[in-house]
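J.: prediction below, plus the sequence it came from.
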Amino acid sequence: FEEVYAEGHPQGLRFSAAYDADGRCTGAAGWRIVAGTCDIRKLYVDDLVTAGDRRSTGVGRSLLAYLEDRAREAGCRLLDLDSGTQRTSAHRFYFRERMGVMAFHFGKELDAGPDPA
């Protein structure tokens, strides 16, 4: 995590978390504001996770609402995320939250190559 944060923070990576009354982390999101030619400015969610025993309790909805607020404050036109095709329960959540499938996301895994450091 520390390595990802050290490299990602200068690129705009931020983390937000939800906690219960006992101070236990119940969910977290990794996100960034991205400028691009298609959407001009969007908030991209790298990860949105809820503790297994706290699913369907409103944690994910609260985090998503928080991220929507950050996106609006930053003048974003879109809140965007990718979700693996196998994550059907997550997809049901996103659909309930009025998110739609807006594109196919294509990727190609590459050989590691030399260490950039």
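T.: Great, that's in hand. Everything numeric here is computed off the predicted structure, so don't read it as measured data.
J.: excluding chain neighbours, what is closest to the residue positioned nearest the centre of the chain?
T.: Nearest to the geometric centre of the chain sits V45, at 2.2 Å (C-alpha atoms, centre = their mean). Leaving aside its sequence neighbours, V45 sits nearest to L81 (C-beta to C-beta, 6 or more residues apart in numbering; 3.8 Å). (Each C-beta comes from the backbone N, C-alpha and C, glycine too.)
J.: for R70, same thing?
T.: Per C-beta to C-beta, 6+ apart, closest to R70 is L43, 6.2 Å.
J.: so which strand or helix has the one you found?
T.: strand 40-50 (DSSP states H and E).
J.: which strands or helices does the helix or strand that V34 is a member of pack on?
T.: Taking DSSP H and E as the criterion, V34 maps to strand 25-36. Other helices and strands packing on strand 25-36, by 3 or more C-beta pairs under 8 Å, 6 or more residues apart in numbering; DSSP states H and E, are strand 14-19, strand 40-50, helix 59-73.
J.: what residues sit buried inside the longest one?
T.: The reference is to helix 59-73. V59, G60, L63, L64, L67, R70, A71 (16 or more other C-beta atoms under 10 Å).
J.: go on, the second one?
T.: Applying a neighbour-count criterion of 16+ other C-beta under 10 Å, the buried positions in strand 40-50 are K42, L43, Y44, V45, L48, V49, T50.
J.: what is the last one paired to in the beta sheet?
T.: Read it as T50. Applying DSSP bridges to T50 yields these beta-bridge partners: G27.
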